[in-house]
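Peer 1: Sequence first, predicted model second:
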Amino acid sequence: MPAPSFDTLQVGDALPTLTVPPITRQKLAIYCGASGDHNPLHVDIDFARDAGINDVIAHGMLIMGYMSRLLTNWVPQSALRTFSTRFQALTRVGDQITCTAQVVEKLRGDGENQIRVAITAADQRGEVKAVGEAVIALA
Amino acid sequence: MLDRKFIGYTSAPCTLEVEKGRLRLFAIAIGQADPVYSDEAAARAAGHRSLPVPPTFLFCLEMDRPNPYGWFDDVGIPLPKVLHGEQQFTYHRMAYAGDQLTFTAAIVDIYDKKGGLLEFVVQDNQITNQHQELVAEFRRTIVVRHG
């Protein structure tokens, strides 16, 4: 895929979508170890029940990790200036996350051409789990 | 209700090494198949000096500090009641395996919504490398569910 170019991109252009396999308990266990986030809410069903949320939930940062893959699939990571996410709904075992993004602004910042993209992570029912945005520098 | 006196609370600076094996495991954990993130030869071929630290891993590395939830205890935040509300990163330069990254953190705001049913704690982190260069900043907002 050719590198995206500032001149040819238009507001409204979509970035390539990323769909990942459904969340499993094993994936959450691996993410616990890999991320260093050992909050039992993500692997210990007894803890999750006591916390009043019925079952373990995915780390928000796992969802943001998926969203980051959409970005780095599209541009080199060194082009990333900012990346932010607001978590909106719990992600549970069995949920399948699809990340979508589109260009929402072309701007000039810090002496370089930049674009702002809006990113959404939603499950197989269309429930939005997280919304975010990123500013990316482009030649 | 959390005591607002903890606005300004700082965690002790902490320096952590970025380990290659950990980055490879993290790539597996987020399903990252791009060899740049797991194969050092591929990373060098792409112009990196080692395996790059991926965009969200800075948050994770910070949790390697001793007793990463210790500040919850200090501030009186009950872990079972906590959800991650928002996360923001600002990137200044890439970081790589082998780097020694120093994290400094401060609580910059505590506020509530829905008549106090939800409280929000905002913590800012600054990350510098072994050359005292600013690598990134991140802001974590956690939500504490009361009731």
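Peer 2: Yes, it's here.

Peer 1: for the record, mean pLDDT for stretch A:54-61?
Peer 2: Mean pLDDT, stretch A:54-61: 97.

Peer 1: Could you measure from B:Val18 over to B:Phe59?
Peer 2: 13 Å (Cβ to Cβ, to the nearest Å). Just so you know, the C-beta spots here come from the backbone N, C-alpha and C atoms, and that holds for glycine as well.

Peer 1: repeat for A:Phe6
Peer 2: According to Cβ to Cβ, A:Phe6 and B:Phe59 sit 29 Å apart.

Peer 1: So between the two, which is more surrounded?
Peer 2: B:Phe59 (24 against 16; other Cβ atoms under 10 Å in any protein chain shown).

Peer 1: and the more buried one, what pLDDT?
Peer 2: 95.

Peer 1: Does anything pack onto the host helix or strand of it? Which helices or strands?
Peer 2: Applying DSSP states H and E as the criterion places B:Phe59 in helix B:57-62. When contacts are defined as 3 or more Cβ pairs under 8 Å, 6 or more residues apart in numbering or on different chains; DSSP states H and E, helix B:57-62 packs onto helix A:25-35, strand B:10-17, helix B:20-29, strand B:82-91, strand B:100-113, strand B:118-128, strand B:134-145.

Peer 1: Go again with 7 Å.
Peer 2: strand B:134-145 (3 or more Cβ pairs under 7 Å, 6 or more residues apart in numbering or on different chains; DSSP states H and E).

Peer 1: And the strands in chain A?
Peer 2: For chain A, the strands defined by DSSP state E cover A:18-19, A:80-87, A:98-109, A:112-122, A:128-137.

Peer 1: Could you check how far the residue positioned nearest the centre of chain A is from B:Val75?
Peer 2: For chain A, the residue sitting closest to the mean C-alpha position, by Cα atoms, centre = their mean, is A:Met67 at 2.1 Å. A:Met67 is 29 Å from B:Val75, where distance means Cβ to Cβ.
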